[in-house]
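Q: Quick one, what's the 3D model for this:
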Amino acid sequence: MSDPKTQRSLFATLADLARVFGEDRVLGAAGQVFETVARTKAAVDDNVASLLGLANLPSRSEVDELRRQVEVLQASVAVLMRKLNRLSEDTGDKAAPHSRRPARPGRIPVTREEDLD
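A: Down below sits the predicted model:
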């Protein structure tokens, strides 16, 4: 019932009924209707969740919880990456460049995969 036009129409109808039949009777009946609607929605939600479980599909709340967990993990990874970058900058400034031994004459140098990067 998120449509404002529908809400206004419903409230106007309830107000008209309250004038004709009396406020207490209309409010009591409307309360019962809304209570029944809420119970029915809860039952439907439970049944849909059960069906999703039988089909081995996640419910909306499970997907939302997983989404929150992924967001937390992404934030943790971002923090770790920043820390690693700072550490590599700090150690890069302090460390001397690696010196490679010259290849012995007559020997073919071996190229490792990590040397290509």
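Q: Show the average pLDDT along the helix or strand containing residue 6.
A: Using DSSP states H and E, the secondary-structure element containing residue 6 is helix 4-21. Here helix 4-21 scores 83 as its mean pLDDT.
Q: Report all helices and strands that that helix contacts.
A: Judged by 3 or more CB pairs under 8 Å, 6 or more residues apart in numbering; DSSP states H and E, the packing partners of helix 4-21 are helix 23-54. Any C-beta I mention is one placed from the backbone N, CA and C, and that applies to glycine too.
Q: and the angle from the helix it packs on to helix 4-21?
A: 140 degrees (axes from the mean of the first three to the mean of the last three CA atoms, to 10 degrees).
Q: got the CA positions of the helix holding residue 6 in CSV?
A: Provided in CSV are the C-alpha atoms of helix 4-21 (Å, rounded to 0.1, in the frame of the first residue of the first chain):
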residue,chain,number,x,y,z
PRO,A,4,-0.5,7.6,-1.9
LYS,A,5,-3.6,7.8,-4.0
THR,A,6,-4.7,4.3,-2.8
GLN,A,7,-4.0,5.3,0.8
ARG,A,8,-6.0,8.5,0.5
SER,A,9,-8.9,6.6,-1.0
LEU,A,10,-8.8,3.9,1.7
PHE,A,11,-8.8,6.5,4.5
ALA,A,12,-11.6,8.5,2.9
THR,A,13,-13.7,5.3,2.6
LEU,A,14,-13.0,4.5,6.3
ALA,A,15,-14.0,8.0,7.3
ASP,A,16,-17.2,7.8,5.4
LEU,A,17,-18.0,4.4,6.9
ALA,A,18,-17.2,5.7,10.4
ARG,A,19,-19.7,8.6,9.9
VAL,A,20,-22.4,6.2,8.8
PHE,A,21,-21.9,3.2,11.1
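Q: I'd like to know how far residue 24 sits from residue 35.
A: Separation of residue 24 from residue 35 (CB to CB, to the nearest Å): 16 Å.
Q: Check this protein and tell me which residue is nearest its centre.
A: residue 67 (2.7 Å; CA atoms, centre = their mean).
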